[in-house]
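Chemist: Sequence and predicted structure below; questions after.
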Amino acid sequence: MGNKQSDLVLREHKKPVYACGCSQDGRFLFSASGDQTIKIWNLKTLSLSKTLTGHETAVYACNISSNAKFVISGSLDGEIKLWSVDDGIELANAREHKESIMSVCFSNDNKRAISGSADKTIIVWTITSDEEGANISLIKATSLLGHKAAVNSVSFSPDSQYAISGSSDTTLKIWNLTPAKEMRTLTGHSDPVLCCSVSPCGKFVLSASQDTTVRLWSFATGKELKQLPGHSDAVRTCAFSADGKLIATGGFDRQLLVWVLAEEAAKDADAKLPSATPPRIPAAPPPPVTAGDW
């Protein structure tokens, strides 16, 4: 496929953007930057809505709650902050990590959050408020210990009962949160795991690594189901579509690859050879996402 210019360029940040994402309702885009700010963009008007200031170092991670009311962020100095989307004010903050926060994530029920850090730990946070919904606090619930190097990515399962982490120790771990304990370790990558995600159905774990591979795993057994080839350099990010039918990966090779998860794999997470195949992209109209050459 040919190259296509971006449809929109947002230039408000003064330093590199380290994280971004969209609210589930499609109203907001959020971004975190080395300029120590988080910015919230209105996707209807394609304009900057708010700039969240208060971090004293680069912001490496951010995430928006499923109800689009809160943003959580983590920075180079190990501080985590909770913000109101409506008015842009800081609601709560905490500093429990000893090194940079690499990843943050809300649970789908918005009652908890998790953070992964270069200090090799994961912290589970409880989000509390009074009866009127005010005086919101971030309370450290527990630490998840077991990784031997930086935790680069964390994610919740769709039911908010489990956490998944990817680390520079080359492993992924699945954690039970009630009670808090490690369930299983997923091994196979030969270099740091840079990103991990759980499918909306909860059957699959997706991982992206510096070893140039993307791998699909069974959540239930921890077994590797499939490697998705195509990248020629470290794979920095990976995600499932909201309906779980597509997988997208982005790497240092400047490619964004999009995959269709085969129906037989979606039906049976323990199938021996679930497949992920490149989508058939029509010549016209042009697809909304540019994929790499297959």
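Modeler: Alright, I've got the coordinates.

Chemist: hey, let's count contacts and neighbours off CA atoms from now on
Modeler: Fine.

Chemist: if I look at residue 223, how far off is residue 69?
Modeler: As for residue 223, its distance to residue 69 is 36 Å (criterion: Cα to Cα, to the nearest Å).

Chemist: Between those two, which has more neighbouring residues?
Modeler: residue 223 (19 against 14; other Cα atoms under 10 Å).

Chemist: Residue 217 is in contact with that one, correct?
Modeler: Yes - the criterion here is Cα atoms under 8 Å, and residue 223 meets it with residue 217 at 5.6 Å.

Chemist: centre of the chain versus stretch 22-38, how much separation?
Modeler: Put simply, stretch 22-38 sits 13 Å off its chain's centre (Cα atoms, centre = their mean, to the nearest Å).

Chemist: Alpha carbons of that stretch, as PDB, please.
Modeler: What follows is stretch 22-38, C-alpha atoms only, in PDB (Å, rounded to 0.1, in the frame of the first residue of the first chain):
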ATOM      1  CA  CYS A  22      -9.000   7.300  23.200                       C
ATOM      2  CA  SER A  23     -12.000   7.100  25.500                       C
ATOM      3  CA  GLN A  24     -14.300   4.200  25.000                       C
ATOM      4  CA  ASP A  25     -17.200   6.500  23.900                       C
ATOM      5  CA  GLY A  26     -15.000   8.100  21.300                       C
ATOM      6  CA  ARG A  27     -15.300  11.600  22.600                       C
ATOM      7  CA  PHE A  28     -11.800  12.200  23.800                       C
ATOM      8  CA  LEU A  29      -8.200  11.700  22.800                       C
ATOM      9  CA  PHE A  30      -5.600  12.000  25.600                       C
ATOM     10  CA  SER A  31      -1.800  12.300  25.400                       C
ATOM     11  CA  ALA A  32       1.100  12.300  27.800                       C
ATOM     12  CA  SER A  33       4.400  14.000  27.100                       C
ATOM     13  CA  GLY A  34       8.000  14.800  28.100                       C
ATOM     14  CA  ASP A  35       6.800  18.400  28.600                       C
ATOM     15  CA  GLN A  36       5.300  17.200  31.900                       C
ATOM     16  CA  THR A  37       1.700  17.600  30.800                       C
ATOM     17  CA  ILE A  38      -1.300  15.500  29.800                       C
END
